[in-house]
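Asker: Give the three-dimensional model of this entry:
(chains A and B)
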Number of protein chains: 2
Amino acid sequence: MSSSSAAPVAKPSMREALVSAAFRLFLERGYEQTTVDDIVALAGVGRRSFFRYFPSKEDVVFPDHERCLADMTAFLAASDEQHEPVRRVCDAARLVLRMYAENPTFSVQRYRLTKKVPGLRAYELSVVWRYERALAEYLRGRFAGRPDGTLRADVIAAAVVAAHNNALRSWLRSDGVGDAGAAVDCALGYVQREFGAAAGPAAPPVRIHPLPGGEGDRPDDVVVLVSRRDAPLWRVVQELEAALGRA
Amino acid sequence: MSSSSAAPVAKPSMREALVSAAFRLFLERGYEQTTVDDIVALAGVGRRSFFRYFPSKEDVVFPDHERCLADMTAFLAASDEQHEPVRRVCDAARLVLRMYAENPTFSVQRYRLTKKVPGLRAYELSVVWRYERALAEYLRGRFAGRPDGTLRADVIAAAVVAAHNNALRSWLRSDGVGDAGAAVDCALGYVQREFGAAAGPAAPPVRIHPLPGGEGDRPDDVVVLVSRRDAPLWRVVQELEAALGRA
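Answerer: Model (predicted):
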């Protein structure tokens, strides 16, 4: 999908054979006890073929992250001003979910393996960090005009990744049973409600009336807000923030 | 502060001498080119002394994180129901900032070193992950009664860490000049406004009136909210969410 993908375009058969051989050995003998030589022997190929596809033994555990990162970067680069930025990064995060959901059995096996091997957990953290930076860089561009732009970008990117992973890990812990997509949609929906600015199509009107208060109040101490019941909450809050001078 | 700290209580002089010797060599020769033997030779102590204080060469780069993690865990464990949970995790994050701000020169040197050495970046990611998990575990306990408790906990913990690190890294990039505490307060304030539920002391009243709408509206289609201007935004939004049936 993207020319920036690090791995060469693989003949599916050899690449898949390497991943399959590696996982068979990891599950039988343990990750640490399996060498690259063991993997290539079982797959019936040479060491050079292995390193053509995977820079290291760790990479064969996460064979699709580089492609997915490249896809995510390309997806975000193809955005325009019309895309609501928080929704856009949520959609970008769904690319990761799709990769996991494509092969539930493999994803669950890998999840169990990663939990047991500290080196793989560290590798996974670095991958997650790269996804988060890709989302944050995009948001920083979109929020460039705001004084709190980088802060907002970093916080939203972290929130999106945390929500995605909360749902993904629940699904992996339950052995890949159930609808991962629905769970991730629900989790990302929470982030969109907290931070998003386009929960619906055209925003219904929200009107703010600063009014003098009752006895004991200073003038202008009370705000009356009139909103259609179906106004998106973000829109109401935005108006409120402006009225209260805290935007 | 906590008995769960992994490192033994150090004679300040030897521990500090090791850190100081290590950093002198890291800066002169580079991190990869410096061995533990080089460090102990310069500090004038034996290898066993080094490993008494630091499990590995990486740990000498981050000598205070274990103590800080233990302090954070103890701080969160000492919480009670009276503590507003989001404010509490923000205060816990400030313990990390304090550790960096105690010694700006050292923190800036380490920041530059970490940026150059992939192994140290990976180590730092694993430390950040442990802080985030400590915050999330605390929040999961506090939100245990909510159906979205774990999601909310994970997202808020990630947001707090991202906000803290956004401000911390700005300060480190500017060579530790300026008020790190104020920058972090500002960044954490953003997260508290987004997620917190106790921005002030006693909450002033917020009143909601569902009213029949005007022409073309269905009855009960319009909500009128009357709020004191000084009502905390979270309180207003909470009432709104309840009135709109989206809490």
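Asker: pretty sure A:Phe75 is touching A:Val96, no?
Answerer: No: no contact is recorded between A:Phe75 and A:Val96 when judged using Cβ atoms under 8 Å, the distance being 11.0 Å. All C-beta atoms are positioned from the backbone trio N, CA, C, and that covers glycine.
Asker: quick one, which of the two is more surrounded?
Answerer: More neighbours sit around A:Val96 than around the other of A:Phe75 and A:Val96, counting by other Cβ atoms under 10 Å in any protein chain shown; the figures are 23 against 19.
Asker: Now do the residue nearest to the more buried one when sequence neighbours are not counted, the pLDDT please.
Answerer: In space, and not counting its chain neighbours, A:Val96 is closest to A:Cys68: 5.8 Å by Cβ to Cβ, 6 or more residues apart in numbering or on different chains. At A:Cys68, the model reports a pLDDT of 96.
Asker: All the strands of chain A, residue numbers only.
Answerer: Secondary structure of chain A (DSSP state E): strands located at A:206-211, A:222-228.
Asker: Check those for me: which has the lowest mean pLDDT.
Answerer: Comparing these by mean pLDDT, the weakest confidence falls on strand A:206-211, with a mean of 54.
Asker: where does chain A dip in pLDDT?
Answerer: A:1-12, A:197-247 (pLDDT under 70).
Asker: Go ahead and confirm A:Gly181 touches A:Tyr100.
Answerer: No: at 10.3 Å, A:Gly181 and A:Tyr100 do not qualify as touching, with contact defined as Cβ under 8 Å.
Asker: Those two - which one has more neighbours?
Answerer: When A:Gly181 is set against A:Tyr100 and neighbours are counted by other Cβ under 10 Å, the residue ahead is A:Tyr100, at 22 against 14.
Asker: Excluding chain neighbours, what is closest to that one?
Answerer: Excluding its sequence neighbours, the residue lying closest to A:Tyr100 (Cβ to Cβ, 6+ apart) is A:Ser107, at 4.5 Å.
Asker: Now for the one you found, how many residues are close by?
Answerer: 17.
Asker: quick one, what contacts it?
Answerer: Counting by Cβ atoms under 8 Å, 6 or more residues apart in numbering or on different chains, A:Ser107 makes contact with A:Tyr100, A:Ala101, A:Leu172, A:Gly176.
Asker: Can you give the distance of stretch A:73-82 from its chain's centre?
Answerer: Between the mean C-alpha location of stretch A:73-82 and the chain-wide mean there is a distance of 15 Å, by Cα atoms, centre = their mean, to the nearest Å.
Asker: Repeat that for stretch A:83-93.
Answerer: Put simply, stretch A:83-93 sits 10 Å off its chain's centre (Cα atoms, centre = their mean).
Asker: now swap in stretch A:137-154 and tell me
Answerer: 17 Å.
Asker: Equivalent analysis for stretch A:131-148, please.
Answerer: Counting by Cα atoms, centre = their mean, stretch A:131-148 is centred 14 Å from the centre of its parent chain.
Asker: cool, and stretch A:172-190?
Answerer: Offset of stretch A:172-190 from its chain centre (Cα atoms, centre = their mean): 13 Å.
Asker: Which residue, neighbours along the chain excluded, lies closest to the residue nearest the centre of chain A?
Answerer: To find the centre residue of chain A, average its C-alpha atoms and take the closest one (Cα atoms, centre = their mean): that gives A:Ala93, at 3.2 Å. Distances taken as Cβ to Cβ, 6+ apart put A:His164 closest to A:Ala93, at 4.5 Å, once the chain neighbours are dropped.
Asker: what sits against that neighbour?
Answerer: Taking Cβ under 8 Å, 6+ apart, we find A:His164 in contact with A:Ala93, A:Arg94, A:Val96, A:Leu97, A:Val184, A:Ala187, A:Leu188.
Asker: List just the nearest of the residues you listed to A:Thr35.
Answerer: When the contacts of A:His164 are ranked by distance to A:Thr35 (Cβ to Cβ), A:Val96 comes first, at 29.5 Å.
Asker: Measure how buried the closest residue to A:Asp38 other than its chain neighbours is and give me the count.
Answerer: Nearest residue to A:Asp38 in three dimensions, chain neighbours excluded: A:Leu25, at 5.5 Å (Cβ to Cβ, 6+ apart). When neighbours are counted by other Cβ under 10 Å, A:Leu25 registers 19.
Asker: Let me see the contact set for A:Leu25.
Answerer: Residues counted as contacts of A:Leu25 (Cβ under 8 Å, 6+ apart) are A:Thr34, A:Asp38, A:Ile39, A:Leu42.
Asker: So which of those residues wins on neighbours?
Answerer: Across these, neighbour numbers were computed from other Cβ under 10 Å; A:Ile39 holds the maximum, 25 neighbours.
Asker: Next up, the contacts around the nearest residue to that one once chain neighbours are set aside.
Answerer: Computed as Cβ to Cβ, 6+ apart, the closest residue to A:Ile39 that is not its neighbour in sequence is A:Ala22, at 4.7 Å. Contacts of A:Ala22 were listed using Cβ under 8 Å, 6+ apart, and they are A:Thr34, A:Ile39, A:Ala43, A:Lys57, A:Val60, A:Val61.
Asker: Determine which two of those are furthest apart.
Answerer: Between any two of the contacts of A:Ala22, the greatest separation by Cβ to Cβ is 15.1 Å, found for A:Ala43 and A:Val61.
Asker: show me where chain A has helices.
Answerer: In chain order, chain A shows helices spanning A:12-29, A:36-43, A:47-53, A:57-61, A:65-77, A:85-102, A:104-116, A:118-142, A:149-173, A:180-195, A:233-244, with DSSP state H as the criterion.
Asker: Can you add distance to B:Ser79 and give those back as a markdown table?
Answerer: Written out in a markdown table, the entries for the helices of chain A read as follows (distance: least, Cβ to Cβ, whole Å):
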| stretch | distance to B:Ser79 |
| --- | --- |
| helix A:12-29 | 41 |
| helix A:36-43 | 48 |
| helix A:47-53 | 49 |
| helix A:57-61 | 38 |
| helix A:65-77 | 37 |
| helix A:85-102 | 31 |
| helix A:104-116 | 28 |
| helix A:118-142 | 27 |
| helix A:149-173 | 21 |
| helix A:180-195 | 23 |
| helix A:233-244 | 28 |
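Asker: With respect to burial, which of the ones you listed scores highest?
Answerer: With neighbours defined as mean count of other Cβ atoms under 10 Å in any protein chain shown, the helices of chain A peak in mean count at helix A:149-173, which reaches a mean of 23.
Asker: the inter-axis angle of that one versus helix B:180-195?
Answerer: Interaxial angle of helix A:149-173 relative to helix B:180-195 (axes from the mean of the first three to the mean of the last three Cα atoms, to 10 degrees): 60 degrees.
Asker: For helix A:149-173, what is the distance to the chain centroid?
Answerer: Helix A:149-173 has its C-alpha centroid displaced from the chain centroid by 6 Å (Cα atoms, centre = their mean).
Asker: could you check the angle helix B:118-142 makes with it?
Answerer: For helix A:149-173 against helix B:118-142, the angle by the same axes, to 10 degrees is 70 degrees.
Asker: Return the angle between stretch directions for helix A:149-173 and helix A:85-102.
Answerer: Direction vectors for helix A:149-173 and helix A:85-102, defined by the same axes, to 10 degrees, enclose an angle of 20 degrees.
Asker: Leaving out the residues flanking it, which one is nearest to A:Phe75?
Answerer: According to Cβ to Cβ, 6+ apart, the nearest residue to A:Phe75 is A:Ala92 (5.4 Å).
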